[in-house]
Structure formats: C-alpha cells, structure tokens
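J.: coords below, sequence missing:
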C-alpha cells in the first residue's frame, strides 16, 4: 500500500531560487530512489524550515528513504528531522484533485 | 504566492472505505472553498490520526480555511489541530513529479 511521508526540519537555507539551483542534482537523484513516486519540496524562509512531502510505493521504501535522508541531513548539520507517515484516502483525494500516484484513476 | 498547508490531528475514525463513504460530501464542498487548489487526504488508523495536505492560491485563503476547518473539527470533538504552512519550491518539485498546482509547467 502506498505511503505518504511528511517531513520537516530546521534549515538555514538556501531558499527559493538559490535552493532550486543548489539542489537540482539532489532532486534528480531522488527520482531513482527505490519505491519513490513523487515529492513536493516545501520551504519556509521566515521560520527557517525545510521539508518535503513524498509518496512511496510502500512503507518499507518510505522508511528506508527516511533513514537515508536523515543521515544525509545530519551531514548538513540538521540534527532532528520531524517525520510522519500516513496512508492516503484515495477516493476522497481524487474528489479534491490531489495526486494519488495512480496512473489510472478508477 | 501559493501556500501548502499541512495539518493533522487525533481522530477516532472512520478510516479507509468507511471514511471515503462518510466524508464524500465534505470533500465535494471543499472544492468550493476560496483559493482552494487541491487536497490530499491523509489517515493513519494505527496511530488514530487524520489530516490533510492542501494547496491554496495564497496565504490568506490557507489561513481562512484553517480557521474554518479547526472550528468544524472542534464540533467533531477534535480539540487540537497541528498545522504548518510552507511555500513550494516549484522547480525542484517539478523535477520530482510533484503537483505544484500549475496548469502549465514552465
């Protein structure tokens, strides 16, 4: 069953266009992570927070990514990653035009 | 500027198919909220949590929705809604197939 992973963490930037330029290669690499479907990149320069919302094929791939990403963030000085895993309610999400990761919406 | 609203709260259900059936009309009504673009419905029956991830046209519409929704949840016995507002980094999100709410991806 697909799993949605939400995470956020304290982050000193870069934000905005500078972030887009600096992290482009990282974004491209994420497309190759096992079980990865999509990611929304979240940022809040006012609160100095970064984060992401991801959809994975299953819980195992979501948790494996979280472990890998938390270790990578630690190397950038991010000690604590707040994370949460959810199921998606697909029928309700489809009513509201949310992306359930399904190619065919049945 | 578009704003992403994440929220979650303690919730005793219904979850899954029962939730889909019970909250269908509510989902349809959300499509008519000012500034609303899309919502992903999140649920975690194991942790007894519900939530949502929304994209709005701007911060004012996101905050107005949050106020209205928190009051509505209170009527269902939900006293505390954990929420967070982010910008989306659109160029990175497009690389990772996330839905930025743009009709044309430039």
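T.: It's in. This is a predicted model, so every value here is computed, not measured. Residues are numbered from 1 along each chain as shown, chains lettered A, B, ... in the order given.

J.: And for residue A:17, the neighbour number?
T.: A count of neighbours around residue A:17, defined by other C-beta atoms under 10 Å in any protein chain shown, yields 10. The C-beta positions use only the backbone N, C-alpha and C, and glycine is treated the same way.

J.: elements contacting the strand or helix carrying it?
T.: Using DSSP states H and E, the element containing residue A:17 is helix A:16-22. Counting contacts by 3 or more C-beta pairs under 8 Å, 6 or more residues apart in numbering or on different chains; DSSP states H and E, helix A:16-22 packs against strand A:36-44, helix B:90-95.

J.: And that helix, what's buried?
T.: A:19-20 (16 or more other C-beta atoms under 10 Å in any protein chain shown).

J.: Name the residues that touch that helix?
T.: A:13-14, A:41, A:43, A:45, B:87, B:89, B:91-92 (C-beta atoms under 8 Å, 6 or more residues apart in numbering or on different chains).

J.: who touches the longest helix along chain A?
T.: The helix that spans the most residues within chain A, counting by DSSP state H, is helix A:59-75. With C-beta under 8 Å, 6+ apart as the test, helix A:59-75 has contacts from A:1, A:3-5, A:7, A:9, A:33-36, A:54, A:56, A:81, A:83, A:85.

J.: Among the residues you listed, which one sits closest to chain B?
T.: residue A:4 (5.8 Å; C-beta to the nearest C-beta).

J.: Now mean pLDDT too, for the helices and strands packed on helix A:16-22, in CSV please.
T.: Compiled in CSV, these are given as follows (pLDDT from 0 to 100):
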stretch, mean pLDDT
strand A:36-44, 97
helix B:90-95, 97
